[in-house]
Structure formats: C-alpha cells, structure tokens
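> Build me a model:
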Amino acid sequence: MGIADLFKGLFKGPNRVDLWRRFERLRESTSGTMSAFYKVRDLKSGEIRGLKVIDQTKAAPVEGRYKGLNKPCEGEIGTLISGPHIARTIEWGETTTGDPFVLQEFVEGTVLHTVLSSKKSLPADRRLDLIRQAAEAISTVHDAGFVHRDICPRNFILRPDGKLTLFDFGLTVPDKPVFLQPGNRIGTPNYMAPEVVRRRQADKRLDIFSFGVTAYEIATLAAPWPRGKTGMAALAHDSPPTPIEEHWPEIPAPLATAIMACLAAEPAKRPESMQVFLKMIEKVGGESVSASG
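As a prediction, this is how the structure comes out:
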C-alpha cells in the first residue's frame, strides 16, 4: 500500500459525497498549503457551511509520517474538539472523486491576522479579552487530548460579536510523544517553537510558545522577533525576545510576565498549560487595564 492509498484510508468517513451536486458554491475557494476552502450552501438543508477539501497529493507526505499509528484524520479530530471558541465540525468523509473533505460551521468574521495587520490599536481591555479567548480555545484543544501545531493569528476568526474562534486542524495530532517526535518541523515559521525548529522531541508546550507570539502581537501589534518567510526566521527564537514593555510600557505586570514566560526557549520554563497561563492573568482587568495602553 502506497502513501496515497494509506492517506485515503485515513480519511474514509461515514459518507462518500458528490460535493457539487450537494452544495452550491457561494464564494471562490481560499487555498491553503494542503487544501481549498469554500463557503457553500447545503442544497438539502439550505444551511450556509464551510467546506474544506484536502489535496491528498500535498497532504500525503505529512500523513505518511504517522503510518501504522492509527492517527485520526482531520475531520475526526474536529468532531472530538468542541467548545465555545472552536469552529464546529459537522461532517467529514470522502468525495466521489476520492478527495477527503471536512464540513464545518461557516464562521462569519475577520481573520485575526487581518485585524492585527491593520495596525489599528485596540483598547487595552479588548486586547486582554482576545488573549484570554485565544488561551481558552487552545486549552480546549489540549483538554481534548490534542496538540494544534499551527497556532497563529491566521487560524483565529474574530466574529462581529467579539467572539474569537480557532479553526483549521489540518496539522493537529494526538498529544502523545510518538506523534511529536524529532524531525516533524511543521507550523508557521514566525510562530514556531525552538524545539520544533531544532527537530527535538516536542509536546503541547509548542502550542504555548506559538500562543505566546500571538498574544504578544495582540498586545502590541508588534512581533517579539524579526519576521521572515522561511524556517530560518524561527532560528532567532532561541534568543531572548524584545521585552514586551518596549512596545506597551503600561502593560500590567502579570500580563507581561505571563506572555513573556510563554516565549521561553526552554519548554520547561513556559507555563505548563494554558490553564496555568489563565491563572497567571486572572486578576488582570478592570481599571488596571482600562487605564493603560
């Protein structure tokens, strides 16, 4: 059995669907590294959904690393992660042409990366709220027994009501050492933990590092290290980041301490969980935040 055949087997869900007989395409696809995403209308129910179609040719080399480990596919993982800050997976399976697909709720809103890239300063209490919501989303992933592996502002959507939603479980794996072995250098370079860059054994604390970079950006609209488009940029993550106070002098001390701790090069020096991070900042708020920034 080849890698492509193995990959097809991994994604064999409860249905085999002729996508364009069942769905009306409402918006042109957004192409990712290994997939295309569509806004569609389900012609059976009339509901608006998000439809992700995976390019198995591109994804097979990644999935092939887990041959024989009974790794759940993206659709199955999505159904196992549920919470108020998680995009809900509705269905998954294989198309009549053999392509894996994942059907999700369609989340209206703006990608967090776009919000931050506008460089429009957010009120201090709003920054804190977004950081807390992002932490709660990642905590949900970890509590379900998984590591996301691609936490960054491009994988959060900010809804019109202010709710932050995490999506895209294409790189997510079970939180077990066998799925996080050295050599799997996967993720977005500017958010990649040093142990991933250095091809060392990893665990869920790689998400905590990536969250730290994201939280730093939410707080300051700046990056803790110089940016780059390749994995070489992530090599800088072994060096100390720019102190967050240089970008936000009035940042509440507990919030600064918690974010900077997430950016520690050594995993053991980071908060051991997102719940620990949330505990570190639980007393930050009210007048102390509203009066700063």
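
> Now Arg199. Nearest residue, chain neighbours left out?
Pro182 (4.6 Å; C-beta to C-beta, 6 or more residues apart in numbering). C-betas here are computed from N, CA, C, even on glycine.

> Show the model's pLDDT score for that neighbour.
Note on Pro182: pLDDT of 86.

> Would you check that it makes contact with Val196?
No - assessed by C-beta atoms under 8 Å, Pro182 is found out of contact with Val196, at 9.3 Å.

> Which of these two has more residues huddled nearby?
Val196 (25 against 12; other C-beta atoms under 10 Å).

> Shouldn't the more buried one be within a helix?
Yes - using DSSP: H, G, I helix; E, B strand; the rest coil, the assignment for Val196 is a helix.

> what sits against it?
By C-beta atoms under 8 Å, 6 or more residues apart in numbering, the residues touching Val196 are 184-187, 202, 206, 234.

> and if we set it to 7 Å?
185, 187, 202, 206 (C-beta atoms under 7 Å, 6 or more residues apart in numbering).

> Generate the ChimeraX command that creates a selection of the buried members of those residues.
Buried members of the contacts of Val196, defined by 16 or more other C-beta atoms under 10 Å, are picked up in ChimeraX with:
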select :187,202,206
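
> now, the most widely separated pair of the contacts of Val196?
Largest separation among the contacts of Val196 by C-beta to C-beta: Arg185 and Leu206, giving 10.9 Å.

> domains of this protein?
With domains defined by automatic domain parsing, the chain comprises 3-105, 110-290.

> distance between the first one and the chain's centre?
Here domain 3-105 shows a centroid-to-chain-centroid distance of 17 Å under the convention C-alpha atoms, centre = their mean, to the nearest Å.

> One more: the longest one?
Computed by C-alpha atoms, centre = their mean, the chain-centroid distance of domain 110-290 equals 9 Å.

> any idea how far Pro271 is from Ala261?
Relative to Pro271, Ala261 is positioned 6 Å away (C-beta to C-beta, to the nearest Å).

> These two: who's more crowded?
Between Ala261 and Pro271, counted using other C-beta under 10 Å, Pro271 has the larger neighbour count: 20 against 16.

> Can you tell me the element the more buried one falls in?
Per DSSP states H and E: Pro271 is located in neither a helix nor a strand.

> need the contact list for it.
Here Pro271 is in contact with 208, 261-262, 277, 280 (C-beta under 7 Å, 6+ apart).

> can you pull the pLDDT of it?
98.

> ditto for the one 5 residues further on
For Val276, the pLDDT comes out at 98.

> State the helix or strand in which it lies.
helix 274-280.
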